[in-house]
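In: sequence and predicted structure below; questions after.
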Amino acid sequence: MKNYNEYLDISDEVQEALAKGKPVVALESTIISHGMPYPQNVDTALKVESCVRENGAIPATIAIIKGRLKAGISAEEIDYFGKKGLAITKASRRDIPTIVATKQDGAATVATTMIIAHLAGIGIFATGGIGGVHRGAEVTMDISADLEELAKTPVMVICAGAKSILDLGLTLEYLETKGVPVIGYQTKELPAFFTRQSGFMLNTTLNTPKEIAESFYVQQKLDFGSGMVVANPIPEAHAIDSRLINDAINNAVKKAKEAGIHGKDTTPYLLNEIKEITGGKSLEANIQLVLNNAKLAAQIACEYVKC
Ligand code: PSU
Ligand code: MN
């Protein structure tokens, strides 16, 4: 059996699936603690795991618990993360060494989930939205560590694009510079999380899970070392009217600026503000798009094991 990293614990179920070459899908935990309120966060995380199973793959929710890097956590542990919410440290790459050394808990962002998934030998990961280049980054330099991770860690991230709390144009430019493929799943346009469209056209569109899995396989065989983004638009029935959501986002961004919110608090602050402004509409859309991504990720994982 593979000699895993000394700080890593892989659940029995995930270890067995990996050993047998079964499809596995990684899931993040910051979306649980920082992305949604309790109890919807726990309910969603458990539903997402079920959705992965229903579509033929094994889920591995990823987190840091008492300094251990975990690939595959229990329903009790998901509940613990959901209840503690913002009191858990949001852990990106820079935070991992100290959290592990001091045996703390950490919620895995997209960057950290990619790192732990890769250590565990999991290549496919589903979430809601990735971090990116924030609006005003030309002054604040607020660029999510998620983008740099995509540049250097070979994990595929299936998401609903990115929220327009970010500068989506600059986010795409950054990923292009770093050589990260951004594949539109049955779309020519980058989806903007709550909406199917953003106005930003993509370089690549693929229409089947098989084509996506095969593209990722080639990227691995070429040993590029970088990740891949699969942008999967929110189902039409759950999309939010773009005028409504853009107004909410613009107001939230303005309020964050006035309140002096910065650094890693920015994304959770904006998500909560948008939820308040839309009267919970954004939360329902968020839940639906994560489920939609989990389904596609499981389908891709099922094709990937055949490559
Ligand atoms: N975008 C969302 N929901 C989220 C996040 C991003 O729509 O929950 C979380 C993810 O965990 C992502 C992190 O990795 O926020 C990015 O934070 P930052 O912008 O501080 O890098
Ligand atoms: Mn940031």
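Out: Noted; the coordinates are in hand. Quick caveat, the model's predicted, so the values are computed rather than measured. Numbers count the residues shown, from 1 in each chain. Ligands and ions are numbered 1, 2, ... in the order given.
In: wait, is residue 130 part of a helix?
Out: No: when DSSP: H, G, I helix; E, B strand; the rest coil is applied, residue 130 is found to be coil, with no helix at that position.
In: residues near it, how many?
Out: 26 (other CB atoms under 10 Å). The way it works is simple: take the backbone N, C-alpha and C, and place the C-beta from them, glycine included.
In: residues touching residue 82, list them.
Out: 32, 33, 38, 39, 41, 42, 45 (CB atoms under 8 Å, 6 or more residues apart in numbering).
In: helix, strand or coil: sort out it for me.
Out: Going by three-state DSSP: residue 82 is helix.
In: related to what we said a few turns ago, now the two most distant members of the contacts of residue 82.
Out: Greatest spatial distance among these (CB to CB): 33 and 39, at 12.8 Å.
In: which one's more surrounded, those two?
Out: Set residue 33 next to residue 39 and count neighbours by other CB under 10 Å: residue 33 wins out with 29 against 11.
In: just the pLDDT for that one.
Out: Residue 33 is assigned a pLDDT of 97 by the prediction.
In: and residue 266, by the same measure?
Out: Note on residue 266: pLDDT of 93.
In: now the helix or strand harbouring it: buried residues?
Out: Under the criterion of DSSP states H and E, residue 266 resides in helix 266-277. By neighbour count on 16 or more other CB atoms under 10 Å, the buried set for helix 266-277 is 266, 267, 268, 269, 270, 271, 272, 273, 274, 275, 277.
In: out of the residues you listed, which are close to ligand 1?
Out: 267, 271 (CB under 6 Å from any ligand atom).
In: now, which of the buried residues of helix 266-277 sits nearest ligand 1?
Out: Closest approach to ligand 1 among these (CB to the nearest ligand atom): residue 267, at 4.0 Å.
In: quick one: the closest one and residue 146 touch, right?
Out: No: if you go by CB atoms under 8 Å, residue 267 and residue 146 don't touch, sitting 10.1 Å apart.
In: any common contacting residues for these two?
Out: Residues touching both residue 267 and residue 146 by CB under 8 Å, 6+ apart: residue 131.
In: now do the strands in the chain.
Out: Per DSSP state E, the chain carries strands over the ranges 8-10, 24-27, 58-65, 68-71, 89-91, 106-108, 124-126, 156-159, 182-185, 204-206, 228-231.
In: alpha carbons of the longest one, as CSV, please.
Out: The C-alpha coordinates for strand 58-65 follow below in CSV (Å, rounded to 0.1, in the frame of the first residue of the first chain):
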residue,chain,number,x,y,z
ILE,A,58,-17.3,7.8,-2.9
PRO,A,59,-17.2,11.3,-1.2
ALA,A,60,-14.2,12.5,0.8
THR,A,61,-15.0,15.6,2.7
ILE,A,62,-11.7,17.3,3.6
ALA,A,63,-10.8,19.2,6.8
ILE,A,64,-8.1,19.6,9.4
ILE,A,65,-9.1,18.2,12.9
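In: partners of that strand in the sheet?
Out: Strand pairing for strand 58-65, using DSSP bridges, gives strand 24-27 (parallel), strand 68-71 (antiparallel), strand 106-108 (antiparallel).
In: is any residue of the last one near ligand 1?
Out: Read that as strand 106-108. No: judged by CB under 6 Å from any ligand atom, strand 106-108 stays clear of ligand 1, getting no closer than 7.4 Å.
In: next one: the residue lying closest to residue 42 once chain neighbours are set aside from residue 28, what distance?
Out: Computed as CB to CB, 6 or more residues apart in numbering, the closest residue to residue 42 that is not its neighbour in sequence is residue 82, at 3.6 Å. Using CB to CB, to the nearest Å, residue 82 is found at 13 Å from residue 28.
In: follow-up on the earlier one: could the strands paired with strand 58-65 go into JSON lines alongside mean neighbour count and mean pLDDT?
Out: Shown next, in JSON lines, are the strands paired with strand 58-65 (neighbours: other CB atoms under 10 Å; pLDDT from 0 to 100):
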{"stretch": "strand 24-27", "mean neighbour count": "30", "mean pLDDT": "98"}
{"stretch": "strand 68-71", "mean neighbour count": "22", "mean pLDDT": "98"}
{"stretch": "strand 106-108", "mean neighbour count": "29", "mean pLDDT": "98"}
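In: quick one: residues contacting the nearest residue to residue 236 once chain neighbours are set aside.
Out: Sequence neighbours aside, residue 196 is the residue nearest to residue 236 in space, at 6.8 Å (criterion: CB to CB, 6+ apart). Neighbour list for residue 196: 187, 189, 233, 234, 236, 239 [criterion: CB under 8 Å, 6+ apart].
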